[in-house]
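Chemist: Whatever this is, show me its structure:
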Amino acid sequence: MTPQLQRLNGDTAATDVIAVLERDGAVIVEDALAPDLLNHLNADLDRIVAATPPGVRHPTEDDMVTFYGEATVRADGLPGKSEAFLEIMQNPLLLGVADHFLLPHCDDYLLNTGQLIEIRPGESDQRLHRDEGVWRHLPEPKPELEIEALFALSDFTAENGATRVAPGSHRWPKEREAEPHEIVKAEMPAGSAVFYLGSTVHGGSANRTRDVRRRGMFVGYVLGWLRTEENMFLSVPLEKVRAMPRRVQEFLGYKAVRALGVVDVGDPMALLD
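Modeler: So this is what the prediction gives:
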C-alpha cells in the first residue's frame with residue numbers, strides 16, 4: 001500500500017501538526033503562506049535567482065556537487081536578502097512546532113539554515129537522506145535535533161521535482177533504507193509547506209518537465225548547542241542584523257546561553273546595541 005502524507009490547513013493548531021509529525025515524521029500544511037507574503041517573497045527571490053547560476057560554487061566535498069544538484073539554483077543568507085524571509089522565521093506555527101520538539105533538549109534553538117532551492121528542468125533525483133546526518137557523531141539514542149519546513153513558492157508536482165518523503169522513517173533504525181513503495185512525493189500548491197523532522201528520510205526529485213522550474217524555500221531550526229549548517233555570522237551582514245527584530249537576532253546566534261556563544265566573555269547582543 002502506497003503511503004500518504006496527511007494534509008492540514010494553515011490555520012490549524014500547532015498541536016495538530018505536532019501529532020502528525022510524531023506519527024508520520026512529515027505533514028503537508030496547505031495555505032501556510034498568505035498570498036501577499038508569497039508574492040513578496042518571490043519578488044525578493046527573483047533578484048537572487050537572476051544573479052545565481054545553478055550548481056554549488058565552492059563544494060566542501062566532491063559528492064556535494066551531485067547532492068546539491070547541477071541544475072538546481074541554491075542560495076542562503078536569506079535573512080539579509082529578504083525582508084519577507086524574516087516574517088517566515090517568526091511564523092507562529094513553525095515556532096510552535098520547534099518549541100515542542102527542541103526546547104525540552106536545549107535552552108533555545110537556532111536557525112540552522114534558510115535556503116532557496118529552485119530545481120530546474122534536467123535535474124536528477126537527489127540522494128535520499130536524513131538532514132540530521134550532518135551531526136552523525138552523536139550517539140544513539142538521541143533527541144530530535146532539528147525541525148524543518150520546505151515552503152512551496154511555486155506548485156510542487158510529481159514531474160517538476162516535488163520532494164520525496166518516506167512517512168514513518170523517523171522511527172526506523174538509522175541504517176535502514178527506504179524501498180520504492182515507501183516513498184511519496186509531496187505534491188502541493190504554491191503557498192503550502194511540508195513540515196518534517198531532521199530524522200525523516202527525504203530528498204528532492206528529478207525535474208522531468210521541459211520548461212517548469214520548481215521553487216522552494218527551506219527553513220530549519222536546530223538545538224542551540226549544535227553547530228549550524230549555515231554560518232550565519234558570515235552569510236548575514238552584521239549591519240543588517242542590527243535592524244532585525246530581537247527574536248530573529250537570537251535565532252541567528254546573537255544570544256548567549258550561559259557560557260555558549262559569548263563575545264569578550266560576555267553577551268554578543270552588546271555588538272548590536
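Chemist: any idea of the mean pLDDT for the longest helix anywhere in the chain?
Modeler: Secondary structure assigned by DSSP state H gives helix 35-50 as the longest helix of the chain. In this model, helix 35-50 has an average pLDDT of 97.
Chemist: Using CSV, write down the CA coordinates of whatever helix or strand comes next after that helix.
Modeler: Using DSSP states H and E, the next helix or strand after helix 35-50 towards the C-terminus is helix 64-68. The C-alpha atoms that make up helix 64-68 are tabulated as CSV, following Å, rounded to 0.1, in the frame of the first residue of the first chain:
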residue,chain,number,x,y,z
MET,A,64,28.2,17.6,-2.6
VAL,A,65,28.2,18.7,-6.3
THR,A,66,25.6,16.0,-7.2
PHE,A,67,23.9,16.2,-3.8
TYR,A,68,23.1,19.9,-4.2
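Chemist: And helix 64-68, what's buried?
Modeler: Of all the residues in helix 64-68, those buried under the rule 16 or more other C-beta atoms under 10 Å are Phe67, Tyr68. For every residue, glycine as well, the C-beta is placed using N, CA and C.
Chemist: likewise stretch 103-116?
Modeler: Buried-residue list, stretch 103-116, by 16+ other C-beta under 10 Å: Cys106, Asp108, Tyr109, Leu110, Leu111, Asn112, Thr113, Gly114, Gln115, Leu116.
Chemist: Can you give me the first-to-last residue distance of it?
Modeler: 26 Å (C-alpha to C-alpha, to the nearest Å).
Chemist: for the longest helix of the chain, packing partners?
Modeler: strand 72-75, helix 83-89, strand 109-119, strand 214-223 (3 or more C-beta pairs under 8 Å, 6 or more residues apart in numbering; DSSP states H and E).
Chemist: any chance of these in TSV, with distance to Ser235 and mean pLDDT too?
Modeler: TSV is the format used below for these (distance: least, C-beta to C-beta, whole Å; pLDDT from 0 to 100):
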stretch	distance to Ser235	mean pLDDT
strand 72-75	10	97
helix 83-89	12	97
strand 109-119	9	98
strand 214-223	14	98
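Chemist: need those in a markdown table with distance to Glu175, can you?
Modeler: Formatted as a markdown table, the helices and strands packed on helix 35-50 follow (distance: least, C-beta to C-beta, whole Å):
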| stretch | distance to Glu175 |
| --- | --- |
| strand 72-75 | 27 |
| helix 83-89 | 34 |
| strand 109-119 | 24 |
| strand 214-223 | 23 |
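Chemist: of all the ones you listed, which lies closest to Asp273?
Modeler: Of all the helices and strands packed on helix 35-50, helix 83-89 sits nearest to Asp273, with 19.3 Å by C-beta to C-beta.
Chemist: following that closest one, which helix or strand shows up next?
Modeler: helix 92-102.
Chemist: could I get that next one in CSV with only the CA atoms?
Modeler: Only the C-alpha atoms of helix 92-102 are listed here, as CSV (Å, rounded to 0.1, in the frame of the first residue of the first chain):
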residue,chain,number,x,y,z
PRO,A,92,3.9,31.1,14.8
LEU,A,93,3.1,27.6,13.5
LEU,A,94,6.7,26.8,12.7
LEU,A,95,7.9,28.1,16.1
GLY,A,96,5.2,26.2,17.9
VAL,A,97,6.5,23.0,16.4
ALA,A,98,10.1,24.0,17.2
ASP,A,99,9.2,24.8,20.8
HIS,A,100,7.7,21.3,21.2
PHE,A,101,10.5,19.2,19.7
LEU,A,102,13.6,21.3,20.6
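Chemist: rewinding a little: any idea which of the buried residues of stretch 103-116 is closest to Leu95?
Modeler: Tyr109 (9.2 Å).
Chemist: My read is that the closest one contacts Val222, right?
Modeler: Yes - at 6.2 Å, Tyr109 counts as touching Val222 under the criterion of C-beta atoms under 8 Å.
Chemist: shared neighbours, the two?
Modeler: Common contact partners of Tyr109 and Val222 (C-beta atoms under 8 Å, 6 or more residues apart in numbering): Leu102.
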